[in-house]
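S.K.: predicted model, plus sequence, below.
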Amino acid sequence: MGLDRKIKYGMVGGGPGSFIGGVHRAAIALQGDIELVAGAFASTAEKSKQTGAELRLDSGRVYGSYEEMAQKEAKLPEGERIDFVSIVTPTYVHFPIAKAFIEAGINVVCDKPMTTTLGDAEELCRLVKKHDVVFALTHNYTGYPMVKQAKALVKKGILGEVRKVIVEYPQGWLATRLETEGAKQAVWRMDPKQAGVSACIGDIGSHAENLARYITGLEIDELCADLTIFLPGRPLDDDGNILVHYKNGARGILYASMISVGEENNLRIRIYGTKAGMEWHQEDPNYLYVRYNDKPEEIYKRGEGYLEPVVGANMRLPQGHPEGFFGAFANIYKNAVNTMRAKMTGGKPGEVDLDFPTVQDGAYGVNFIHKSVESSKARSWLKVDYSPPK
């Protein structure tokens, strides 16, 4: 028997001046069967109440802190309390917030990177298992329909054995020191106390690594990183170039940058196998290109009937109607929430439902960030071989 009500969620973060909080709320709203009922939206009770009022929430469910929210929500009857919390704060508080809600028995959807330290990431892995909650990480680019098509084609062997992966994520918005001008999104990303050990690789390089691993299924054996601070006075990297050796013998190049002038959000991946090559471009996300030496190029288009079933399960519009960033975020929430529904009703989530980044993906990403920083400081290749706690 299905759940005969909407899924209820609360949000921590996403208050005044937040960009990503609004993105998450808009993406969740696309589902239609998930409603925001509670929140601790800011570091002060006053700002939290302000956001709660703007969102027309019951003032009694707008909290002054995440601790208060986790405690009081956990005491509410099932069906009234939140079913999951969405964490959209700067990275440094992801761990204590996630820990509080997991220990309260509440499912979690957390923005990336998951934590600032590997120890915290691994502790979350253990806590998720102990308390048997659903934990999803919003590596949203894995939610694009054509990324899922790319993964399916690689799994089917269309490319043959993967030999080379080139993934790049250039942006230009931090080509000047916006953090000194009070730009909120720049300030916390360049603050080691809030962002952790890395800015560029931690923020967008981790997306690039996750995208490559999601599509190919390959894991890194060792890497050699060159992280740079181009603008004097910055404590964290604003550019990074990483050579990668994968466990299957494939080679990779990962480039991420916040100072590439003229670039917007130019995430792009190319994968070359023994039979064919493949390309996907985030700024033109509805098309996937497969290329051969001995026959014409193939262009896969979102919305068509020849695509893999998983693609259709993650689309909202027919062909010819652009579907992008919000929809990709929404697909992470959709699959995670479907998994929650299955557990809540005593059912078993399907393969498509389980297609979202997990707490283990979060730990893998945190390890990648730290190994990149270590390699750059040592100016040498570094062994990465890593398996997060299950």
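M.R.: Noted; the coordinates are in hand. Residues are numbered from 1 along each chain as shown.
S.K.: what about the nearest residue to Pro16 once chain neighbours are set aside, helix or strand, and which?
M.R.: Nearest in space to Pro16, with sequence neighbours left out and distances taken as Cβ to Cβ, 6 or more residues apart in numbering, is Lys47 at 5.5 Å. C-beta: built from backbone N, CA, C; applies to glycine. Following DSSP states H and E, the helix or strand that holds Lys47 is helix 45-54.
S.K.: just the buried residues of the next helix or strand after that helix, please?
M.R.: Heading C-terminal from helix 45-54, the first helix or strand you meet, by DSSP H and E, is helix 66-75. In terms of neighbour count (16 or more other Cβ atoms under 10 Å), helix 66-75 has its buried residues at 66, 69-70, 73.
S.K.: ok, stretch 173-180 next?
M.R.: Using 16+ other Cβ under 10 Å as the burial criterion, the residues of stretch 173-180 that qualify are 173-175, 178-179.
S.K.: ok, now stretch 183-203?
M.R.: For stretch 183-203, burial by neighbour count (16+ other Cβ under 10 Å) applies to 183, 185-191, 195-203.
S.K.: average pLDDT across that stretch?
M.R.: For stretch 183-203, the per-residue pLDDT values average out at 96.
S.K.: quick check: end-to-end length of it?
M.R.: Across stretch 183-203, the straight-line distance between its terminal residues is 16 Å, by Cα to Cα, to the nearest Å.
S.K.: if I look at Lys390, how far off is Lys129?
M.R.: The spacing between Lys390 and Lys129, counted by Cβ to Cβ, to the nearest Å, is 7 Å.
S.K.: looking at these two, which has the bigger crowd around it?
M.R.: Remark: of Lys390 and Lys129, Lys129 carries more neighbours, 13 against 9, as counted by other Cβ atoms under 10 Å.
S.K.: return the set of buried residues in whichever strand or helix holds the more buried one.
M.R.: Using DSSP H and E, the secondary-structure element containing Lys129 is helix 118-131. Of the residues in helix 118-131, those scored as buried under the neighbour-count criterion (16+ other Cβ under 10 Å) are 118, 120-125, 127-128.
S.K.: do the same with stretch 249-256
M.R.: 250, 252, 254-256.
S.K.: kindly report the same for stretch 212-230.
M.R.: Neighbour counts using 16+ other Cβ under 10 Å place 212-216, 218, 220-225, 227, 229 of stretch 212-230 among the buried residues.
S.K.: pick out whichever of the residues you listed sits closest to Met11.
M.R.: Among the buried residues of stretch 212-230, Tyr214 lies closest to Met11 (Cβ to Cβ), at 25.3 Å.
S.K.: rewinding a little: ok now the helix holding Lys129, how far from the chain's centre?
M.R.: The offset between the C-alpha centroid of helix 118-131 and the centroid of the whole chain comes to 18 Å, using Cα atoms, centre = their mean, to the nearest Å.
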